[in-house]
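Asks: Below are the sequence and a predicted model for it; my questions follow.
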Amino acid sequence: MSSDAATASQIKPTWLATFRVYLEPPTLRMLALGFSAGLPLLLVLGTLSFWLREAGVDRTTIGYLSWVGLAYAFKWVWAPLVDRLPIPLLTRLLGRRRSWLLFSQLAIMAGLVAMSFNDPQQALQPVVWGALAVAFGSATQDIALDAYRIESADTDRQAALAAAYQTGYRLAMIWAGAGVLWIAARAEVAQAANYQFAAWQTAYLVMAASMAVGALTVLLSPEPVHAPMPVARNLGDWLRSALVEPFADFLRRYQWQAALILALIAVYRISDVVMGIMANPFYVDMGYTKAEVAAVTKIYGVIMTLVGAFVGGALAMRLGVMRVLMLGAVLSAASNLLFALLSTRGHDLTGLIWVISADNLASGIASAAFIAYLSSLTNISYSATQYALFSSMMLLLPKFLAGYSGRYVDAFGYPNFFIATALLGVPVLLLVWLASRIRLR
């Protein structure tokens, strides 16, 4: 054993100390802010696809509409503005990070309210515009929140913050998935038509109100300590420091290895993202009711998400991020094969319970490790811009491919689609192994 390895083993925290970090104020704040970050995603992607399918919109159109999510893949374009540009009055009152967080949360609320007042069965375009507003607001919130998280604790605690963030994020996704379905089901009028717009309107208004969790947390949280910014002598200097330096810094640190790191980031979540767009249309086509899907994801999804996120964060601290990244990649691809099996069984509620449980466990482990990995690559001097680049790279290719998911299902059926998404995860294993040989700088 080398001296470095021996030293690392001597300072390894106890299990009690490892889990005590989850009770620290920055970790608890990240739990609430993670909820705020996770809420909008399904409301413009997965849950929206359930609503659209029930309203009679065809699968191919639903697949194309998933390109609304490309807003998340291009957030690096305006990330330098979020990183450096103050919002009049709001930044002076709240600080740089918190002002952008609150601004984006208000934009999300407005977009959700707009969606709730338009019936896609009567006019689809206004719903799409509302979804775009939510997606851009949500992507902006992600930029500010990732920087806030990275600046809120040292490197040793980033895995714990990532686990808390992921737990809040996944809880919000369950609320925005199962919660919406449960609310819409309860709001339906008995013996009326199968599709009732008023029920969905009620559900989306409740989701808009739920964003108050994040807004209240922002108002009650401290502004983190920022790294000092270089003084810009003119507009050219400002543009260079805001737009060029964050990317140049990453390339200087990793040189040719930057291409390998970016390739891993680009495909790590590809199995989950491509499969996820067709999950809710699959539930509708298999005959599962809103109440059934809501009950299964609410009970079993919550439990396994919590287990996955906390286990992923703890294992990353104990065993290292790269080992948990490999485990998460294997589990994520394997869980898609379970969906392929489920698609051959028709309406099987027990099978749905097992598959959703396994999928949430795998996703929780993979996401906690992946967020910690991305954070470790970031220079705190350019935290918002660099992390936005990484998380945008994570979504660009998967979201683009996901747009064709509806056409693929129409042409080849659900079983072949789920198997294909699992096979997309095979190259990820090689990239994780190669990236594990790169020393972080």
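Replies: Cool, the structure landed. These numbers were taken from a predicted model, which means no experiment stands behind them. Numbers count the residues shown, from 1 in each chain.

Asks: residue ranges for the helices of the stretch 1-150 of the chain, please.
Replies: 3-10, 15-20, 25-44, 46-54, 59-65, 70-73, 79-84, 90-94, 96-116, 124-151 (DSSP state H, counting those that start in this stretch).

Asks: contacting residues for residue 82?
Replies: 100, 140, 143-144, 147, 384, 388 (C-beta atoms under 8 Å, 6 or more residues apart in numbering). C-beta: built from backbone N, CA, C; applies to glycine.

Asks: okay, those in TSV with neighbour count next?
Replies: Compiled in TSV, the contacts of residue 82 are given as follows (neighbours: other C-beta atoms under 10 Å):
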residue	neighbour count
100	28
140	24
143	28
144	27
147	28
384	29
388	30
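
Asks: Among these, which one lies nearest to residue 334?
Replies: Relative to residue 334, the closest of the contacts of residue 82 is residue 388; by C-beta to C-beta it sits at 30.3 Å.

Asks: quick revisit: which among the contacts of residue 82 gets closest to residue 60?
Replies: Looking across these and measuring by C-beta to C-beta, the closest to residue 60 is residue 140, at 29.8 Å.

Asks: Once you drop chain neighbours, what's closest to that closest one?
Replies: residue 104 (4.1 Å; C-beta to C-beta, 6 or more residues apart in numbering).

Asks: Just give me the neighbour total for that neighbour.
Replies: 27 (other C-beta atoms under 10 Å).

Asks: same thing with residue 248?
Replies: Count around residue 248 with other C-beta under 10 Å applied: 12.

Asks: Thought residue 338 was touching residue 348, still the case?
Replies: No - with contact defined as C-beta atoms under 8 Å, residue 348 does not count as touching residue 338 (11.7 Å).

Asks: Residue 246 versus the closest residue to residue 82 other than its chain neighbours, what's the distance?
Replies: The shortest distance from residue 82 to any non-neighbouring residue, by C-beta to C-beta, 6+ apart, is to residue 143 (4.5 Å). For residue 143, the distance to residue 246 (C-beta to C-beta, to the nearest Å) stands at 12 Å.

Asks: Now the common contact residues for those two.
Replies: Shared contacts of residue 143 and residue 246, counting by C-beta under 8 Å, 6+ apart, come down to residue 83.

Asks: circling back: possible to save the helices of the stretch 1-150 of the chain as TSV with distance to residue 319 and mean pLDDT?
Replies: Listed next are the helices of the stretch 1-150 of the chain as TSV, based on distance: least, C-beta to C-beta, whole Å; pLDDT from 0 to 100:
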stretch	distance to residue 319	mean pLDDT
helix 3-10	12	44
helix 15-20	11	62
helix 25-44	20	88
helix 46-54	31	87
helix 59-65	38	88
helix 70-73	29	84
helix 79-84	31	81
helix 90-94	38	89
helix 96-116	31	94
helix 124-151	22	91
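
Asks: Turn these into CSV, including distance to residue 200.
Replies: As requested, those are exported to CSV (distance: least, C-beta to C-beta, whole Å):
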stretch, distance to residue 200
helix 3-10, 53
helix 15-20, 40
helix 25-44, 11
helix 46-54, 5
helix 59-65, 15
helix 70-73, 22
helix 79-84, 32
helix 90-94, 32
helix 96-116, 8
helix 124-151, 10
